[in-house]
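> Everything below, folded, please.
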Amino acid sequence: MPERKKEWFLPLLALIGSWLFTIIYWSIAFLFFFGTFKLFADRYLIPALKLWARVLLFFCRIRIEHVNPITFPDQKPRVCVCNHQSLLDILWGSSILPPRAMAIGKKEFIFIPIINVLWHLMKNVRIDRGDRQKALASLSGVASEIVKNSRSLTEQGSHRGVDFRHAVPKQLQGHEGVDATENHDAQSEEKQPGVMPVREEVDA
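Next up is the predicted model:
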């Protein structure tokens, strides 16, 4: 195939394949989760999300390279802070989610097909980015939820003036046994075509 044709044909093929796979994959998954009255959502939703993300990264010919990788073998309560840089962060972030993860995100997600259903199944927190007080109020009870039910909370840093890298730990004051983990792209690492480096660090 001529090089000029490959420049647009292969990305277009990857885009079409990714959307077809996404629609078919999540249609089957949602039928399973809602058909079983969400009884298996806690156990199988995150593995399903990770598989979907890894397949889409494969379609996009992107390889995740972990720098100082961290594994989450248990379901200990923890907070993971993700440095949001691009739309691709949804894929690499999903591919390394710890068990029983929940997330903080903008309330506008409820208007996006597929993502809104995932948001509901994961029992994620919706943030009103236009109102600082409402955004902080949305965090009420989050600490108790992740400690009581051994959940992992993932969030993307800041949302229009509310820096959750500081707000979330503040909400967790007085709650023992919660790890603070930061997952972000390793901008200082040497860039390689087709490779997305992800550094995972744990605060001392």
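> Quick check: Ala135 vs His66, distance?
Using CB to CB, to the nearest Å, Ala135 is found at 31 Å from His66. No exception for glycine: its C-beta is placed from N, CA and C like everyone else's.
> Compare those two and say which one has the larger neighbour count.
Between Ala135 and His66, counting by other CB atoms under 10 Å, Ala135 is the more crowded of the two (23 against 15).
> Which pLDDT value belongs to that one?
As predicted, Ala135 sits at a pLDDT of 76.
> Now the element after the helix or strand it falls within, going C-ward?
Ala135 belongs to helix 132-137 when assigned by DSSP states H and E. Using DSSP H and E, the helix or strand that follows helix 132-137 in sequence is helix 142-148.
> What's the local residue count around Phe9?
Neighbour tally, Phe9, other CB under 10 Å: 12.
> that older thread, please point out which parts of the helix holding Ala135 sit buried.
Ala135, Leu136 (16 or more other CB atoms under 10 Å).
> Same check on stretch 40-47?
For stretch 40-47, by 16+ other CB under 10 Å, it's Ala41, Leu45, Ile46.
> give me every residue that touches the nearest residue to the second one once chain neighbours are set aside.
Excluding its sequence neighbours, the residue lying closest to Leu45 (CB to CB, 6 or more residues apart in numbering) is Leu121, at 5.5 Å. Contact criterion CB atoms under 8 Å, 6 or more residues apart in numbering gives Phe33, Lys38, Ala41, Leu45 as the residues in contact with Leu121.
> Kindly reformat those as JSON lines containing secondary structure and distance to Ile104.
Shown next, in JSON lines, are the contacts of Leu121 (DSSP: H, G, I helix; E, B strand; the rest coil; distance: CB to CB, whole Å):
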{"residue": "Phe33", "secondary structure": "helix", "distance to Ile104": "22"}
{"residue": "Lys38", "secondary structure": "coil", "distance to Ile104": "21"}
{"residue": "Ala41", "secondary structure": "helix", "distance to Ile104": "19"}
{"residue": "Leu45", "secondary structure": "helix", "distance to Ile104": "17"}
